[in-house]
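In: quick check, what structure comes out for this input:
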Amino acid sequence: MLKKNYEFKKVLNKGKYYKGKQIEIFYLKENISNNLLGIAISKKIGNSVYRNRIKRLIRENYRLIEDRITIRKCICNSFKKEYKKWWIKFLYYKRGYEKNI
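Out: Got it, this is the predicted structure:
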């Protein structure tokens, strides 16, 4: 799990970028034993309940496709501010991940 500010900055500055409808994915290939996942959601998105729900959905989607990722990567997710509604579809996250990774 990416937790430190310098870890996020490294992925954001040196990594590659994928832009989907609701999510932005930054990733960086590295020689590590396991994939590292980092989730960044702005406070402008909504209250803590809403932000935590988004994080849970992203983590669950990642868990479902993690075994298909063969190259070890640091992955950083950023949720777009335009999608501030509760009806966000779980499937859209999964499609965004599968297209890129």
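In: show me the contacts for the nearest residue to residue 66 once chain neighbours are set aside.
Out: Nearest residue to residue 66, sequence neighbours excluded (C-beta to C-beta, 6 or more residues apart in numbering): residue 35, at 6.6 Å. C-beta: built from backbone N, CA, C; applies to glycine. Contact partners of residue 35, counting by C-beta atoms under 8 Å, 6 or more residues apart in numbering, are 66, 69, 72-75.
In: ok, now residue 1?
Out: Per C-beta under 8 Å, 6+ apart, neighbours of residue 1: 36-38.
In: now the residues you listed in TSV, with pLDDT, secondary structure and distance to residue 3?
Out: Supplementary listing: the contacts of residue 1 in TSV, determined by pLDDT from 0 to 100; DSSP: H, G, I helix; E, B strand; the rest coil; distance: C-beta to C-beta, whole Å:
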residue	pLDDT	secondary structure	distance to residue 3
36	86	strand	9
37	88	strand	10
38	88	strand	7
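In: related to what we said a few turns ago, how near is the residue nearest to residue 66 to residue 14?
Out: Using C-beta to C-beta, to the nearest Å, we find residue 35 at a distance of 16 Å from residue 14.
In: mind putting the contacts of residue 1 in TSV, distance to residue 5 and neighbour count included?
Out: Output for these, formatted as TSV (distance: C-beta to C-beta, whole Å; neighbours: other C-beta atoms under 10 Å):
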residue	distance to residue 5	neighbour count
36	14	19
37	16	18
38	10	18
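In: nearest to residue 6 among those residues?
Out: When these are ranked by distance to residue 6 (C-beta to C-beta), residue 38 comes first, at 11.6 Å.
In: which helix in the chain runs the most residues?
Out: helix 48-65 (DSSP state H).
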